[in-house]
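Asker: Whatever this is, show me its structure:
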Amino acid sequence: KGPLVSKKLLAVGMQRVPSTTLTAARVTMTQAKKAHSPPSPTDSLPTKKARTVALKRDRKRVHNLQKAYQKQVLKHGDPPILFDILEMLGKPRVDEILVRNEEFERVPPFGEEVVVKIDRLSSHGDGLALTPQGDRLLVVPFALPGEVVRVYPYASDRFIFKSRIVEILERNASMRNESLVQCRYFGQCGGCQYQMIPYEQQLELKREVVRRAFMHYSNLDSSLVPEVLATMPSPERMHYRTKLTPHFDLPASLRRAYGKKVPTEPVDVAIGFDNPSTGRVMDIEECPIGTPVLNEAMKWERQRVRESIRSFKNGATLLLRDSLKSFDSEESVAITDHKATVYERVGSTKFSTPAGAFFQNNRSIIPLVMEYVRSQLPASDKPQYLVDTYCGSGLFALSLAPLFDKVAGVEISASSIECAKENARQNHILNADFLAGEAENIFSKISFPRAQTTVVIDPPRRGCDQAFIDQLVALRPRNIIYVSCNVHVRRLFLQ
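Answerer: Model (predicted):
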């Protein structure tokens, strides 16, 4: 609750923000709360009691954040934003805060409007700026590098304040083109980050994410880090996604009424995706990155939920999967049952999978991914062998089977193995076996010659665990092709 920021602190980067564009760099905590949130329940309590309640609540908040961060690091390692924190705050400042055990504290300008200049984008596409005090990063969704923005920091985490844009004072005209936005919810829905950026620049931003991931996580000398190639564009940029999972929370009136007489008056329920600035579910009627058949189905699913909302005990997540009507058809249908079968075709290879199981959600990009993987296969006149790990329904094993003498797909999920075997049968592929392995001994049934074996790894977002990596090292295959949907967990593999 110190004095308002002086005019010197209104300077953002090396440029002074014109005073005519600002009424104040920050407002007091009380003013900010009135502008951005309802009054706190402690406002009416005696000062001493309110202070005690707030102190206990803040201790609990910090404790929960510490536990969550430790759990994340234990499971995934250091988050990508840690390296932005070290670069922007400087290691001496970070160490100083850590010594005081204040990395989770809500220091100024938390809860106060502030004007800053966006320095860069995070690996997740959010704008990053340094606070005027220089001891926290502001994470600002939908802000671009070089932009001067008035923001409101509303939530805290380790060294960062999550912030929402109040006003864009200076725009980055070379990156921001609002005419490119094709979704009426963009800027509020957390599903997309880059729609206002020209596609060629989006591709370069994604390339930079991968480059920085190798730089920070590989533990390799910079001279040994390979060049990151240009990002491969998607043939479809909108209406490509074959899976949508809108969700909803049970309305408060029904939660209070559970076990009692259910109210009969109309109940409003938001069905859609989260707003990153509020954490609440937004009511979303259509998603332009979803296929047309899924957007049509979403209308009926939303109506079904609203009509039956009183039968739900909790909120739920809906499933919408785009499936070929049959292997011989180009027509798509929407599947909403997790246990139903989805039909896909990659080139001439047919795949049937449970709707609730994973399958690549951008149908247009799969042939390009497969083409790249093929280009990395060794050329040899000796027999060649393929091991497809995390094989699921057999995407890589079956698509690449004609190029190998023998193929083995391994999975710890018995149901996925049965699905892969069925796909091999319907494609008349005879040189592929699928083996259900135990996590601690996944390659026990593989006896291919090491010098002639290629391993394809396509793990889930959490990546490979250490037990898998140790077994892979012991297997010592000649070639490894790693297909990753989350480059920031690849660090385990590279180490």
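Asker: For stretch 372-391, give the mean pLDDT please.
Answerer: The average pLDDT within stretch 372-391 is 91.
Asker: which of the residues in that stretch are buried?
Answerer: Val373, Leu377, Gln384, Tyr385, Leu386, Val387, Asp388, Thr389, Tyr390, Cys391 (16 or more other C-beta atoms under 10 Å). Where C-beta positions appear, they are placed from N, C-alpha and C, glycine not excepted.
Asker: Same question for stretch 269-281.
Answerer: So for stretch 269-281, counting by 16+ other C-beta under 10 Å, buried means Val269, Ala270, Ile271, Gly272, Phe273, Asn275, Pro276, Ser277, Val281.
Asker: can I get the CA coordinates of it in PDB?
Answerer: This file holds the C-alpha atoms of stretch 269-281, laid out as PDB (Å, rounded to 0.1, in the frame of the first residue of the first chain):
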ATOM      1  CA  VAL A 269     -25.400 -23.700 -17.500                       C
ATOM      2  CA  ALA A 270     -22.300 -22.700 -19.400                       C
ATOM      3  CA  ILE A 271     -21.000 -25.500 -21.700                       C
ATOM      4  CA  GLY A 272     -17.700 -24.900 -23.400                       C
ATOM      5  CA  PHE A 273     -14.100 -24.200 -22.500                       C
ATOM      6  CA  ASP A 274     -12.200 -22.400 -19.800                       C
ATOM      7  CA  ASN A 275     -11.500 -18.600 -19.800                       C
ATOM      8  CA  PRO A 276      -7.800 -18.400 -18.800                       C
ATOM      9  CA  SER A 277      -8.300 -15.100 -17.000                       C
ATOM     10  CA  THR A 278     -11.200 -16.200 -14.800                       C
ATOM     11  CA  GLY A 279     -10.900 -20.000 -14.600                       C
ATOM     12  CA  ARG A 280     -14.600 -20.300 -15.300                       C
ATOM     13  CA  VAL A 281     -16.200 -22.200 -18.100                       C
END
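Asker: can you pull out the helices in the stretch 51-200 of the chain?
Answerer: 81-89, 91-99, 199-217 (DSSP state H, counting those that start in this stretch).
Asker: In a markdown table: those helices, plus mean pLDDT and mean neighbour count.
Answerer: Below are the helices of the stretch 51-200 of the chain laid out as a markdown table (pLDDT from 0 to 100; neighbours: other C-beta atoms under 10 Å):
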| stretch | mean pLDDT | mean neighbour count |
| --- | --- | --- |
| helix 81-89 | 97 | 18 |
| helix 91-99 | 97 | 13 |
| helix 199-217 | 93 | 16 |
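Asker: Quick one: these as JSON lines, columns for distance to Lys162 too.
Answerer: Below are the helices of the stretch 51-200 of the chain laid out as JSON lines (distance: least, C-beta to C-beta, whole Å):
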{"stretch": "helix 81-89", "distance to Lys162": "11"}
{"stretch": "helix 91-99", "distance to Lys162": "18"}
{"stretch": "helix 199-217", "distance to Lys162": "20"}
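Asker: quick one, which of those is nearest to Asp405?
Answerer: helix 199-217 (33.2 Å; C-beta to C-beta).
Asker: what comes into contact with the closest one?
Answerer: Applying C-beta atoms under 8 Å, 6 or more residues apart in numbering, the contact partners of helix 199-217 are 77, 80, 83, 121, 123, 125, 175, 194, 197, 220, 222, 225-226, 228-231, 233, 237, 487-488, 490-491, 494-495.
Asker: Lowest-confidence entry in the buried residues of stretch 269-281?
Answerer: Ser277 (84).
Asker: Can you list the low-confidence ranges for the stretch 301-450 of the chain?
Answerer: 439-440 (pLDDT under 70).
Asker: how about the helices in it?
Answerer: 366-375, 395-400, 414-426.
Asker: which of those sits most buried?
Answerer: helix 395-400 (a mean of 25; mean count of other C-beta atoms under 10 Å).
Asker: For the most centrally placed residue in the chain, grab phi and psi.
Answerer: Central residue of the chain (C-alpha atoms, centre = their mean): His124, 7.1 Å from the mean position. Per-residue torsions, His124: phi -100, psi 0 (degrees, to the nearest 10).
Asker: what about it, distance to Lys162?
Answerer: 12 Å (C-beta to C-beta, to the nearest Å).
Asker: which residues touch the nearest residue to Leu430 once chain neighbours are set aside?
Answerer: The shortest distance from Leu430 to any residue other than its chain neighbours is 8.0 Å, reached at Ala424 (C-beta to C-beta, 6 or more residues apart in numbering). Counting by C-beta under 8 Å, 6+ apart, Ala424 touches Gly394, Leu398, Leu430, Ala432, Phe434.
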